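Visitor: Sequence first, predicted coordinates after that:
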Amino acid sequence: MRLIQLLICLLTFSLYSQHILPERQRAHVIDEILKDKFNNLLPKLMDDTGFDMWILISREYNEDPVLKTMLPATWLNARRRTILVFYRDKAKNTIEKLAVARYNFGENIVSVWDKEKEPNQWKRLIEIIEERNPKSIGLNYSEYFNICDGIVKTDYEAFMDNLPKVYEDRVQSAEKLAIGWIETRTATEMIIYNQLVNITHDIIAEAFSEKVITPGITTTTDVEWWMRDKVTGLGLETWFHPTVDVQRTAEESSNHLYTFSNRPENMVILPGDLLHCDVGITYLRLNTDCQELAYVLKPNETEPPIFLQDALKAGNRVQDIFTNNFETGKSGNAVLKASLEQGKAEGYRPVIYTHPLGLYGHSSGTTLGMWDAQDGVPATGDYPLHENTVYAIELNTTVTIPEWKRDIRIMLEEAGFWGADGFRYVNGRQTKLLTLPRVQNHKGN
C-alpha cells in the first residue's frame, strides 16, 4: 500500500474511535511509517544537525532507546549485536541505511556484513566508515537526555578501541539528532495520534460513568484497575498505571491538597465528589497522556455546581495562557517563566509541568517545567521548541472553593501539537466536567 493510500485508510479508521487494527495491519503501518521517516525525515535531521554519519549500537534485550523505535514491526528486540549505520551524502541527496548485523533489519535496512567473509563485526564496521570517510560521526550519548544516552560503556569502548585514530576527533554526541528523531512527528503519525487520543477520551468517559461506578460502593482503585483492564482488553497497553483520586468538601475529607506522591488509595466514590484521573495508552508506537475531571451528581442535581464549572474554566484559561506563549526556537524555561508570570498576574495559582510526548510517554525534547521545579529545568528546559512536535499539556491551578471550605486543584492534561500553523490540541480538550450517572460527550475546542 502506498503512503497516500495508508493516510486515507487511517483517516477512515480515525472516525471509529474503538476500531483497533489487528497485529498484522499494525505491523504494516509501523513499517510504512519507518520507511517514510528513514527516507524523508532522517536526511533533513542529519543536515540540520550537521552529521553525515550516525551509528547506533545495541545488543539483544539491552537496546538503545532510539534504536528500539527503529525496530521493524516483527522485531521485538535487537538480535545479537545490532549495529545501524546511516550515511548522508548531501551533495548527491542520498541516504544509506546499513545494518552491520547477521540479518537484514526488516525491509528498510539491509545487512552489509557477511560473517563468513569477515568474522570480525567491528572490522566490517570500520571498513564501512573508511569507505565513506565521514566528516562527523554521531553516537548516542548524552548527559541530560536519557533516551539519547543509549550506547553502553562496553560498546562505546569497543567502538573507540577499533576506530582508527584519524576518526577519533570526528566522533560527537548525536544528542540533537537523536532528539530530532524522537520528537518529530510526521503527517501519518498525526493522523494516528488523533485516533489514539480519541480512544483515550472514550476510555475515560466510560470509566467515569454509571457503567463502571456505583457511588457508595466503587473505589478509586477499582476504577484504576478497570481502566487498565479496558486498555489491555482492546489489545493495547498502558505505559503507566492509571490513577484516580477524589476531591470533596472539607467536612468529608481532610482539608489539604494531595501531593503527587501520597494520593489515598481505595477511596469510596460518593455523590458530590470531584473525580480526577490520569491515564496514558500506547498504540502504533505512539503514546497518550490524559487527565480529566468528572463530578458525581447528588440527588436532584442535573449538572455540576457552578463553582466547579468556574474552577474548570480557570484551568482552561491557564492552558490558554501557557500555549499562547509557545514560539518556535523559544526555550522551555522561557515559555514556563512567561506563562507563570502571566497566570499569576491574572490572579491564578498555576503550576506547569509539561513534557514531550510521542514515541515515549516522558519523551525527549523541550521540557516545560516540572511540578517540583517551577523556576525552570536545567538543560532539558533550555532546549528550544521545534515544529511538528507533540506535548502533554500538563498543569494545574489551585482554586479556593468557599462552599467546600478548602482549596482544590484543577489538574488537566491533553496532547497538544506545535507546528507551522501554531498550537492545536491533537483531539480537543476538556471544557465541561464529565458527570455521572449521566455521561456527556467529550467536546474539544
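Guide: Everything's here; your move. Residues are numbered from 1 along each chain as shown.
Visitor: So residue 203 is in contact with residue 281, correct?
Guide: Yes. With contact defined as C-beta atoms under 8 Å, residue 203 counts as touching residue 281 (7.4 Å). Heads up, the C-betas are built off the backbone N, CA and C, glycines and all.
Visitor: tell me, what's touching the two both at once?
Guide: residue 231 (C-beta atoms under 8 Å, 6 or more residues apart in numbering).
Visitor: centroid residue for this protein?
Guide: Most central in the chain under C-alpha atoms, centre = their mean is residue 357, positioned 2.1 Å from the mean C-alpha point.
Visitor: where's the residue nearest to it when sequence neighbours are not counted relative to residue 279, distance?
Guide: Among residues not flanking residue 357 along the chain, residue 392 sits closest, at 4.4 Å (C-beta to C-beta, 6 or more residues apart in numbering). Going from residue 392 to residue 279 by C-beta to C-beta, to the nearest Å gives 12 Å.
Visitor: Also residue 73?
Guide: With C-beta to C-beta as the criterion, residue 73 and residue 279 are 25 Å apart.
Visitor: do residue 314 as well
Guide: 23 Å.
Visitor: Show me what the residue nearest to residue 357 is bridged to.
Guide: Assessed by DSSP bridges, residue 392 has beta-bridge partners residue 355, residue 415.
Visitor: Tell me which stretches of the stretch 201-350 of the chain form strands.
Guide: 237-238, 243-247, 274-279, 281-283, 286-287, 290-296, 350-352 (DSSP state E, counting those that start in this stretch).
Visitor: Ignore what I typed, I meant the stretch 51-200 of the chain.
Guide: 53-59, 81-89, 94-100, 110-111, 137-139, 171-173.
Visitor: Worst mean pLDDT among those?
Guide: The stretch with the lowest mean pLDDT among the strands of the stretch 51-200 of the chain is strand 110-111, at a mean of 87.
Visitor: Listing partners with orientation, what would you give for that strand?
Guide: In its sheet, and by DSSP bridges, strand 110-111 pairs with strand 94-100 (parallel).
Visitor: List the buried residues in the partner strand.
Guide: 95, 97, 98, 99, 100 (16 or more other C-beta atoms under 10 Å).
Visitor: now swap in stretch 363-376 and tell me
Guide: Buried, per 16+ other C-beta under 10 Å, within stretch 363-376: 363, 364, 365, 366, 367, 368, 369, 370, 376.
Visitor: and if you look at stretch 141-150?
Guide: 141, 142, 144, 145, 147, 148, 149, 150.
Visitor: Got the confidence number for the last one?
Guide: It stands for residue 150. So, for residue 150, pLDDT stands at 93.
Visitor: Over to the fifth one?
Guide: Residue-level confidence at residue 147 comes out at 95, pLDDT.
Visitor: is it true that it touches residue 175?
Guide: No. Under the contact definition of C-beta under 8 Å, residue 147 does not touch residue 175, with a separation of 10.0 Å.
Visitor: So which of residue 314 and residue 279 has more stuff around it?
Guide: residue 279 (26 against 19; other C-beta atoms under 10 Å).
Visitor: What is the end-to-end distance of stretch 228-247?
Guide: 22 Å (C-alpha to C-alpha, to the nearest Å).
Visitor: Repeat that for stretch 350-361.
Guide: From start residue to end residue, stretch 350-361 stretches across 23 Å - C-alpha to C-alpha.
Visitor: List phi and psi for residue 299.
Guide: Backbone torsions for residue 299, taken as degrees, to the nearest 10, come to phi -50, psi 130.
Visitor: Provide a list of residues in contact with the nearest residue to it once chain neighbours are set aside.
Guide: By the measure of C-beta to C-beta, 6+ apart, the closest residue to residue 299 outside its immediate chain neighbours is residue 271, 7.0 Å from it. Going by C-beta under 8 Å, 6+ apart, residue 271 touches 215, 216, 296, 297, 298, 299.
Visitor: Let's see that with 7 Å instead.
Guide: Going by C-beta atoms under 7 Å, 6 or more residues apart in numbering, residue 271 touches 215, 296, 297, 298, 299.
Visitor: most neighbours, which of the residues you listed?
Guide: Going by other C-beta under 10 Å, residue 296 tops those with 24 neighbours.
Visitor: hey, what's it bridged with?
Guide: Bridge pairing for residue 296 - DSSP bridges - gives residue 436.
Visitor: which residues touch it?
Guide: Applying C-beta under 7 Å, 6+ apart, the residues contacting residue 296 are 215, 269, 270, 271, 272, 273, 275, 436.
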